[in-house]
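A.B. asks: let's see this in three dimensions:
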Amino acid sequence: MNIGELFSKGGFVMWPLLLLSILSLTVVIERVLFWWKILTRERETAGRVLEAAQRDWRSAGDLARSAIDQPIGRFLNAGLELKDQEPDVVQLAMEASAQEELAAMHKGDKILEAVIAIAPLLGLLGTVLGLINSLGSIRLGDLGTTATENVTLGISEALITTATGLIIAILSLAFYRVFQGLIAQQAKIFQKAGNELELLYRKTWSSQDAGRIAKRVNSSAIAPDPSGTSAEAAEPS
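C.D. replies: Numbers count the residues shown, from 1 in each chain. Predicted coordinates:
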């Protein structure tokens, strides 16, 4: 029995199951291509940006902007483009960017969740309708005779929809769990890269802040007093 025969014997419930399978397959293909593009480049991008940030923030920002088509590039760029802001502001910007990127990675989850929940129920509905149709033609006097052969065949055909619904749901669930695992992995990568970049920024900010304080102290030490003489000249000899 080929696929066409199975589809025709499954009844009208096979049409919504076909629609669900197309939706699930479309989401799976799109997500596989999305994750393939990310997983093959993100670690290299994060390593290059963080290495450059140890030497020069401008170079690190250029590298992050060149990888703006990747989630990790947009995430790191959110912090690097605020290089003149306070560390807390940079931290908030990176946290907001991480939440936005992780939310985008959940694209298609609702469709897969719907397919996982609805497909088995549609398959069961098709089987129940098939059983009702098959058993409705049985008379008590036909039990144990050859008249029940068609009923047995009808029952086996009714189970086609249940098997189809379960297959669609199982495959969708498998890919769904894989995608959720990849999202959890991305959250860890974002957290690790963000912590390293924030630490480097806080060190740079602290050294710059200390330089600004020292500059202000030196400027005030040589500033003239209101009498028109410098602080050193005002001291008694």
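A.B. asks: ok, the nearest residue to residue 67 once chain neighbours are set aside - contacts?
C.D. replies: Spatial nearest neighbour of residue 67, chain neighbours left out: residue 73 (3.0 Å); criterion: C-beta to C-beta, 6 or more residues apart in numbering. Quick note: C-beta positions are derived from backbone N, CA and C, even for glycine. Contacts for residue 73 (C-beta atoms under 8 Å, 6 or more residues apart in numbering) come out as 45, 49, 64, 65, 66, 67.
A.B. asks: and residue 73, what pLDDT?
C.D. replies: Looking at residue 73, its pLDDT is 88.
A.B. asks: just the CA trace of the helix or strand encompassing it, in PDB.
C.D. replies: Assessed by DSSP states H and E, residue 73 sits inside helix 71-80. In PDB, the C-alpha atoms belonging to helix 71-80 read as follows (Å, rounded to 0.1, in the frame of the first residue of the first chain):
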ATOM      1  CA  PRO A  71      22.600  37.500  17.100                       C
ATOM      2  CA  ILE A  72      26.000  37.400  19.000                       C
ATOM      3  CA  GLY A  73      27.200  40.300  16.900                       C
ATOM      4  CA  ARG A  74      24.100  42.500  17.600                       C
ATOM      5  CA  PHE A  75      24.400  41.600  21.300                       C
ATOM      6  CA  LEU A  76      28.000  42.600  21.700                       C
ATOM      7  CA  ASN A  77      27.500  45.700  19.600                       C
ATOM      8  CA  ALA A  78      24.800  46.800  21.900                       C
ATOM      9  CA  GLY A  79      27.400  47.300  24.600                       C
ATOM     10  CA  LEU A  80      30.300  48.400  22.500                       C
END
